[in-house]
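K.L.:
Kindly generate the corresponding structure for this input.
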Amino acid sequence: MLFSFGKDGAIGDWNWMIDVHIRGYLNGVHAVLPVMLRQKSGHTLNMGSIAGRQIGDGAGVYSSAKSFVQAMTESMRRELGVREGIKASTVSPGDIDTSWADEVTDASPRKPAQELNVIAISPQGVADAVVYAVVYTLSQSRRRHRQRPDHLRRPSELVSARHPAPHRRNTRPMTVLASPIPRFHLAVPVDDLDSARRFYGETLGLEQGRSADTWVDWNLHGHQFVTHLAPARAGQIHNPVDGHDVPVPHFGLILSIDAFHRLADRLRAADTDFVIEPYVRFAGETGEQWTMFLLDPAGNALEFKAFADDSRVFAV
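P.N.:
Next up, the predicted model:
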């Protein structure tokens, strides 16, 4: 399982993760590499994870295994890409919207696993990134490199991949986004860091990053979000949207519909006072979406939304 704290000594779980993610990877490469070497072509596409670079509590063995996959992919890319024409790529998603968190057997890591799974990317988004990684390596013209298939032009998923450059040495790996939008960085003022930690860390279940006496970094679904201690702040304004007064400024995420409703249920269970209750905005129109607004303890406005058709996020 993904979560297994070191103090629990779950050697069986550790060996299972090593067997699947390390030995399984090596056995797969061993099976296909001789054929690729003979034909001087091929492509290994490996499933990594953001956990290979962002280490969380209870995920040491899993993160180590995914770091191994990333390292071996980079090694194969360097060893075989130029000399043998064999491509090696890694798709590294964050948390995926599946039932994995409910299958964590130990009680102690089950809660952080379920909290991590509240805001997750869809399996379809990962599948789209895999398809794009394969299509990209097959494409040789600059025009085809620029243009993704229509089903990959989606703004809601973020995955990274590394690709070889068989005709050039020391080429930097490229980042594959199943989205034209990079992860964002946003800093907001708060009047109490302890309240911010309870809200963002416990209520929303975000992973905390670096911090100091006056600020805290948060991992907001792969985006960098910072709460800064600033007791004195200006007032907030509202703009009308679809018959509701929307607070400005605000920030948030575009989720899958299932993830949106899981988060809404979680917030209701925490007795959250919504600025705008969860509802369908622009019903029956282009851009139809579920949306909800709420405030953190310092009064910063958050919006979470989910589009009926995720490919229509920027449609007019």
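K.L.:
Only C-alpha atoms from now on, for both contacts and neighbour counts.
P.N.:
Will do.
K.L.:
how far away is E303 from L193?
P.N.:
Distance of E303 to L193, given as CA to CA, to the nearest Å: 21 Å.
K.L.:
So which residues of the stretch 151-300 of the chain form strands?
P.N.:
Taking DSSP state E, counting those that start in this stretch as the test, the strands found in the stretch 151-300 of the chain are 185-190, 207-211, 215-220, 223-229, 237-241, 244-248, 250-254, 274-281, 289-295.
K.L.:
okay if I get those strands as a markdown table plus mean neighbour count and distance to R197?
P.N.:
A markdown table is the format used below for those (neighbours: other CA atoms under 10 Å; distance: least, CA to CA, whole Å):
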| stretch | mean neighbour count | distance to R197 |
| --- | --- | --- |
| strand 185-190 | 16 | 11 |
| strand 207-211 | 15 | 8 |
| strand 215-220 | 20 | 8 |
| strand 223-229 | 19 | 9 |
| strand 237-241 | 11 | 25 |
| strand 244-248 | 16 | 22 |
| strand 250-254 | 16 | 17 |
| strand 274-281 | 16 | 19 |
| strand 289-295 | 21 | 14 |
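K.L.:
Reformat those as a markdown table; add mean pLDDT and distance to D13.
P.N.:
Formatted as a markdown table, the strands of the stretch 151-300 of the chain follow (pLDDT from 0 to 100; distance: least, CA to CA, whole Å):
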| stretch | mean pLDDT | distance to D13 |
| --- | --- | --- |
| strand 185-190 | 81 | 36 |
| strand 207-211 | 81 | 23 |
| strand 215-220 | 84 | 27 |
| strand 223-229 | 83 | 30 |
| strand 237-241 | 78 | 50 |
| strand 244-248 | 87 | 47 |
| strand 250-254 | 87 | 33 |
| strand 274-281 | 95 | 39 |
| strand 289-295 | 94 | 39 |
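K.L.:
Tell me which of those strands sits nearest to E79.
P.N.:
For E79, the closest of these is strand 223-229, at 33.0 Å, according to CA to CA.
K.L.:
Quickly run through the sheet partners of the closest one, with directions.
P.N.:
Strand 223-229 sits in its sheet next to strand 185-190 (parallel), strand 215-220 (antiparallel), going by DSSP bridges.
K.L.:
who wins for proximity to I86 among the strands of the stretch 151-300 of the chain?
P.N.:
strand 223-229 (32.9 Å).
K.L.:
which residues are contacting that closest one?
P.N.:
183-193, 196, 214-219 (CA atoms under 8 Å, 6 or more residues apart in numbering).
K.L.:
try stretch 268-284
P.N.:
By CA under 8 Å, 6+ apart, stretch 268-284 touches 203, 242, 244, 246, 264, 288-295.
K.L.:
go again using 7 Å as the cut-off
P.N.:
D242, E288, Q289, W290, T291, M292, F293, L294 (CA atoms under 7 Å, 6 or more residues apart in numbering).
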